[in-house]
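Visitor: Sequence and predicted model, in that order:
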Amino acid sequence: MSATAHRVTAPFGTRPVPVTSRQHHGPYVVLACADTAGPRPAAGQFYMLMGTRWGGGEDERPFLPRAFSVLRAPAGTSELQFLVEDVGPGTNRLSELAPGDELSLLGPLGLGYGGPREGRRALLVGGGVGIAPLAIWQDQLEGEVGVVLGFRDCNHAAGAALLGNARVATDDGSIGHHGLVTELLEDELDIDTHAEVYACGPPAMLEAVRLLCAVREIPAQLALESGMACGFGACFGCVVPTKSGYIRLCVDGPVLDARSVDTVVFAGGGH
Amino acid sequence: MSATAHRVTAPFGTRPVPVTSRQHHGPYVVLACADTAGPRPAAGQFYMLMGTRWGGGEDERPFLPRAFSVLRAPAGTSELQFLVEDVGPGTNRLSELAPGDELSLLGPLGLGYGGPREGRRALLVGGGVGIAPLAIWQDQLEGEVGVVLGFRDCNHAAGAALLGNARVATDDGSIGHHGLVTELLEDELDIDTHAEVYACGPPAMLEAVRLLCAVREIPAQLALESGMACGFGACFGCVVPTKSGYIRLCVDGPVLDARSVDTVVFAGGGH
Amino acid sequence: MSVEFCGIELAHPIINASGTFDAIAARRVFADQLDEQFPFAAFVSKTVTLAPRQGNPPPRLWELAGGMMNSIGLPNKGLHGYLAHDLPELAALPVPLIVNVMGFNRDEVAQLVRAFAEHEAVAALELNVSCPNVETGLVMGADPREVVRLLDAIRPLTDKPLIVKLTPNASDVPAVARAAEQAGASALSLINTIRGMALHPRTGAPWLGGHSGGVSGPAVRAVALAQVSAVCDAVQIPVIGMGGVATGRHAHELMAVGASLVAVGTESFRNPAAGERIAAELELQSPNTRIPVRGNLG
Amino acid sequence: MSVEFCGIELAHPIINASGTFDAIAARRVFADQLDEQFPFAAFVSKTVTLAPRQGNPPPRLWELAGGMMNSIGLPNKGLHGYLAHDLPELAALPVPLIVNVMGFNRDEVAQLVRAFAEHEAVAALELNVSCPNVETGLVMGADPREVVRLLDAIRPLTDKPLIVKLTPNASDVPAVARAAEQAGASALSLINTIRGMALHPRTGAPWLGGHSGGVSGPAVRAVALAQVSAVCDAVQIPVIGMGGVATGRHAHELMAVGASLVAVGTESFRNPAAGERIAAELELQSPNTRIPVRGNLG
Ligand SMILES: Cc1cc2nc3c(=O)[nH]c(=O)nc-3n(C[C@H](O)[C@H](O)[C@H](O)COP(=O)(O)OP(=O)(O)OC[C@H]3O[C@@H](n4cnc5c(N)ncnc54)[C@H](O)[C@@H]3O)c2cc1C
Ligand SMILES: Cc1cc2nc3c(=O)[nH]c(=O)nc-3n(C[C@H](O)[C@H](O)[C@H](O)COP(=O)(O)OP(=O)(O)OC[C@H]3O[C@@H](n4cnc5c(N)ncnc54)[C@H](O)[C@@H]3O)c2cc1C
Ligand SMILES: Cc1cc2nc3c(=O)[nH]c(=O)nc-3n(C[C@H](O)[C@H](O)[C@H](O)COP(=O)(O)O)c2cc1C
Ligand SMILES: Cc1cc2nc3c(=O)[nH]c(=O)nc-3n(C[C@H](O)[C@H](O)[C@H](O)COP(=O)(O)O)c2cc1C
Ligand code: FES
Ligand code: FES
């Protein structure tokens, strides 16, 4: 990652935090909690989350904690927000949590985004639940920021309200631009090439962003996903292939410089 | 069991039923559900229960369903009531269920109580959560019935309200007779020997009842407990030693004639 | 989804695992509904031994993460009790009957096989070889040579299909499988339970009356899949896969690695009708998932 | 609760299981708090091989009922990378260092042992023998003779304690344990992961990049307890018990059947500070529970 990539170190050990609110945005749930014992995270960092009613779901899972980018960490508060899409037993349990419930949390973890280099305009590109780390990043960035977001449909596009001034694309055209978010990205880059791209989303989207930026020689920072057991470098399970071999995404990512990888589409990565 | 012991057969397979109410009686929870697909059970029969949020508790349990005597099954309704004491991960999950939640249920199972023989007076003897099968039995019995119940303390004795006209003993004397429920039983037997005793409770209590009735040559039907995996004779796990060897408590009990056993205190039995 | 297994017609590929369903007790509990909705395509009896056994002292059960452990100790009425009392009742079931037998030495197994060979109601025999040979001290099913010696002795005794049930507690299960195939086994079944132990939470003494026990249920599913896969790669004869199956997808996965039939054990304890549900779910499995390619339906 | 193990002073009996805690990465994540609150009484490194290894392709993880499965494939910097980069950092930890090594033949193991023999920072060596010997094809740790040949070759190379880490995928683990003891092992550790497999939910192809993997966590705890118990009954040398330990009671149980130390693996993934909690819980365990009676603290 670039020299500017940011890591806030974490308190050692998981800590229980109270859930303070749960809000629905289309199919997504925004879960807020009060993390009085932890530091304010950097944008792009993530936490490992676990509910107190873990286990007993599909195939008797979940057992391990689950990784979530921090969606928002309002300065001057102890609040942490996460964006959860129910895709399996872990996210299912987390989506059910309500104010008063307890959440077990480890973090902040990983390397976050680095600031735009050489006075470039920040351009945030998100797909689906991948918009999460872009919200906190928009909160922290100064000056005008471009935001283009892609969703499956109008229902999912409800998530766009979590960022400011977002241009939206949907696969089915039910709202915003009918097509791919990378088409909106091309638009933005046509207007201003002096940009640094910050992307998070499904592998196919990230790969399109990577290619597009590679061709136009635009620096891009990609927040990837991979299956994780621990989140703090202990299990060696979360590796992704890079030009310098496998790296553990939890400690050497999740934000990677687009130029460090040959592709972001690989077995076991992403959703 | 005596020839009068009663078995109502069960629909094949577990069925989901809605929880309709949850009430606290001291440390006990009375869970009611609407079992529209099942028959009315006999007193002393039991059901295997499982919540939809099973698993993930202490030691990643519960996994198997749990056995519960039916507390009450009001005639002319589809309601089933169970009395739950939170003693581990399974009862813990069940105690948390609230109206609207779903319960998975198999039953009625096992052999229930047989009616009093030779015009004897029914004398119900319960200890702790073991009062459950006595409530439905009291509902079904005709004529005057004696009820003596033992509890740890005044808090637990709140359960006595579930039966009518009960005489109560507590270990700490905080309410009712200060002493053992078997002392109340002796009282009752001193008044009327022509009795048939129906008992359910911890092994030590049942053993005391068994001995007392053996000495006085009073017929007694004891509802026992043992660890169960299936409840329908499939696993051979719930055996208890009787004079004729091991029997599966789930199909040949849980109600046993006191004369069929040498003792009810054995490894792996009861609480 | 009807299938043929060792010449036996089955309505679907889901059967019960030995010792996890007592059809006779279930008839007492569920009355006619059991036969009407019988959840398995064949019925496998609990292990029958030559002499009656009362089984291990309680406690016999222990619950664990995603499964359970048992030390039931093979209680059964013995060969003669089974023939007199159980066989007639089981012969009346709406599905073919597979009898599981175990002997503590070769001669005992031979006696059992000989006794069942002549009974028409018995469609096949399953040999439980997860026990120590009292003569050699070796677990018959953990050692390829023991299995060959056993099959050499009993294969000539019957034309009925002989299914050898393998133990997972072995260094090289495929080697045992190959040995059984070469010695004339008609089919293989696995996995039996995995050896485990638990202590009494308060006293620290062994919890199970039988001291150690066998682990089953979802907790062993990944281990079962690995062993079934390795065995299917090693032999040509049909394989009955089992271990932690709770859904049609689980059954489908065992078949995807080569199993011809799938047995359901522990899941029946959570729901006696589980076999029926699993068979229905299996039928709905997406054809995207790789389907068995081995022509091994015997 | 301070204990002595093979002549090494430890503050308590809880250590980490090899490959489940990377103290160097954890320092980057938790900064000074890691050393200040170091959760283990000794630190065991992930397996070091002679040549560097990049490990298996992803996916490397699978979650299952009460546990997980991994096919990490022993990625490591190789002996020279470890000596140059990791050893100095690990030597600075507040606890003794145990280095886990693996070779694909006896000569490789010998080179590794010789290299670490001279390093003062290394308190003991753990031999991971859960891999096939590429010369014989036999899994070294599944066969008593292989273990004896290995120890005959390397025992003379160092005075440091040699801990042999046994594989659970063997017919007769106590036999391997006895062989290791007779050939000069200072201590034994078990269990390593149990071989398992999972399929991709959509494609049906093997999920893990390494095809099969190793099961760990609470799902294996009963199996671990049975094997640790059997091994402790079979040998006099100290035993490090592991497999599914998540609480002080679990640790206590392994010690009740004879383990001198207990290693925590998978539970650290759920909480990096689990070791600290488990050690504290262990200290509170009721003396009612049977406590270790073997004088086997080396
Ligand atoms: C750094 C990072 C940040 C993330 N941020 C967010 C976020 O902000 N919001 C959000 O909603 N999600 C986020 N995710 C993804 C989130 O962690 C996953 O969606 C979650 O772990 C899924 O868990 P589950 O139990 O709900 O689903 P699972 O069933 O675990 O399914 C997830 C995927 O795992 C695979 N899978 C299926 N079964 C198994 C199994 N038994 N073992 C292993 N894999 C299996 C399948 O490919 C499946 O599609 C992030 C992930 C990472 C790594
Ligand atoms: C026929 C019958 C009727 C019953 N009726 C009622 C009733 O009306 N109301 C009621 O509250 N209860 C009733 N019970 C008892 C009830 O089934 C148990 O209390 C319940 O199963 C406990 O489950 P748990 O998970 O809460 O506790 P568990 O943790 O399962 O603990 C229960 C006991 O099991 C043992 N144990 C601990 N760990 C394990 C383990 N891993 N595996 C196996 N055993 C372990 C211990 O001895 C412990 O005291 C009845 C039982 C039977 C057999
Ligand atoms: C309670 C119980 C009793 C069992 N009894 C027998 C038996 O008598 N004979 C036998 O061959 N296997 C027996 N088994 C093993 C099962 O047939 C099966 O191999 C094992 O449980 C794995 O399948 P499952 O995970 O679906 O339960 C028994 C298993 C359980 C759980
Ligand atoms: C992700 C992972 C990686 C492991 N890597 C190693 C290793 O490099 N060397 C080794 O000897 N054991 C390794 N193990 C096995 C553990 O040390 C331990 O034996 C096993 O996980 C059982 O303990 P647990 O259930 O507490 O995890 C690994 C286990 C896991 C889960
Ligand atoms: S998730 Fe364990 S090393 Fe990254
Ligand atoms: S509980 Fe399974 S046989 Fe009684």
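Guide: Structure's in. What do you need? Ligands and ions are numbered 1, 2, ... in the order given.

Visitor: can you give me the helices for the stretch 101-250 of chain A?
Guide: Counting by DSSP state H, counting those that start in this stretch, the segments of the stretch 101-250 of chain A that form helices are A:132-140, A:181-191, A:203-216, A:249-252.

Visitor: can you list the weak-confidence ranges in the stretch 1-150 of chain A?
Guide: Where the stretch 1-150 of chain A drops to pLDDT under 70, the residues are A:1-4.

Visitor: Quick one: name the residues of it near chain C.
Guide: Neighbours of chain C within the stretch 1-150 of chain A, by CB under 8 Å from any CB of the partner chain: A:D59, A:E60. The way it works is simple: take the backbone N, C-alpha and C, and place the C-beta from them, glycine included.

Visitor: go again using 6 Å as the cut-off
Guide: Counting by CB under 6 Å from any CB of the partner chain, the positions of the stretch 1-150 of chain A adjacent to chain C are A:E60.

Visitor: Could I get the contacting residues of the closest residue to chain C within the stretch 1-150 of chain A?
Guide: Nearest residue of the stretch 1-150 of chain A to chain C: A:E60, at 4.3 Å (CB to the nearest CB). When the contact criterion is CB atoms under 6 Å, 6 or more residues apart in numbering or on different chains, the partners of A:E60 are B:G55, C:G66, C:P218, D:A65.

Visitor: Just the ones of those residues in helices?
Guide: With helices taken from DSSP state H, there is no overlap with the contacts of A:E60.

Visitor: Among these, which one has the most neighbours?
Guide: C:G66 (31 neighbours; other CB atoms under 10 Å in any protein chain shown).

Visitor: gap between that residue and C:V3?
Guide: 29 Å (CB to CB, to the nearest Å).

Visitor: do C:A117 as well
Guide: From C:A117 across to C:V3, the span is 24 Å (CB to CB).

Visitor: what's the answer for C:A115, then?
Guide: C:A115 sits 28 Å away from C:V3, going by CB to CB.

Visitor: List the contacts of residue 43.
Guide: In the absence of a named chain, this looks at chain A. Each residue near A:A43 by CB under 6 Å, 6+ apart is listed here: A:G112, A:Y113, A:I136, A:W137, A:Q140.

Visitor: wrong one, chain C
Guide: Under the criterion of CB under 6 Å, 6+ apart, the neighbours of C:F43 are C:A23, C:L93, C:V95, C:L97.

Visitor: quick one: the third one from ligand 3, how far?
Guide: From C:V95 over to ligand 3 the distance is 17 Å, taken as CB to the nearest ligand atom, to the nearest Å.

Visitor: In contact with the nearest residue to A:G127 once chain neighbours are set aside, which residues are there?
Guide: Once flanking residues are discounted, A:G127 sits nearest to A:G201: 2.6 Å by CB to CB, 6 or more residues apart in numbering or on different chains. A:G201 makes contacts with A:G126, A:G127, A:G128, A:G130, as judged by CB under 6 Å, 6+ apart.

Visitor: how close does A:G201 sit to A:F46?
Guide: The value you get for A:G201 to A:F46, if CB to CB is used, is 15 Å.

Visitor: Could I get the pLDDT score of the residue in the stretch 51-200 of chain C positioned nearest to ligand 5?
Guide: Proximity to ligand 5, evaluated over the stretch 51-200 of chain C using CB to the nearest ligand atom, is greatest for C:A65 at 20.7 Å. Note on C:A65: pLDDT of 95.

Visitor: that older thread, among the contacts of A:E60, which pair sits farthest apart?
Guide: By the measure CB to CB, the contacts of A:E60 have their two most distant members at B:G55 and C:P218, which lie 9.7 Å apart.

Visitor: surely A:G112 meets A:A42?
Guide: Yes: the pair A:G112 and A:A42 qualifies as a contact (CB atoms under 6 Å) at a distance of 3.5 Å.

Visitor: any shared contact partners between those two?
Guide: Taking CB under 6 Å, 6+ apart as the contact criterion, the common neighbours of A:G112 and A:A42 are A:H6.

Visitor: Who has more neighbours out of the two?
Guide: Neighbour count, other CB under 10 Å: between A:G112 and A:A42, A:G112 has more, with 29 against 23.

Visitor: residues in contact with that one?
Guide: A:G112 neighbours (CB under 6 Å, 6+ apart): A:H6, A:A42, A:A43, A:G44, A:Q45, A:V255.

Visitor: Name the nearest residue to A:T36, ignoring sequence neighbours.
Guide: The shortest distance from A:T36 to any residue other than its chain neighbours is 4.5 Å, reached at A:S78 (CB to CB, 6+ apart).

Visitor: distance of that neighbour from A:V29?
Guide: Applying CB to CB, one obtains 20 Å for the distance of A:S78 from A:V29.

Visitor: Between those two, tell me which one has more neighbours.
Guide: Between A:S78 and A:V29, counted using other CB under 10 Å, A:V29 has the larger neighbour count: 19 against 15.
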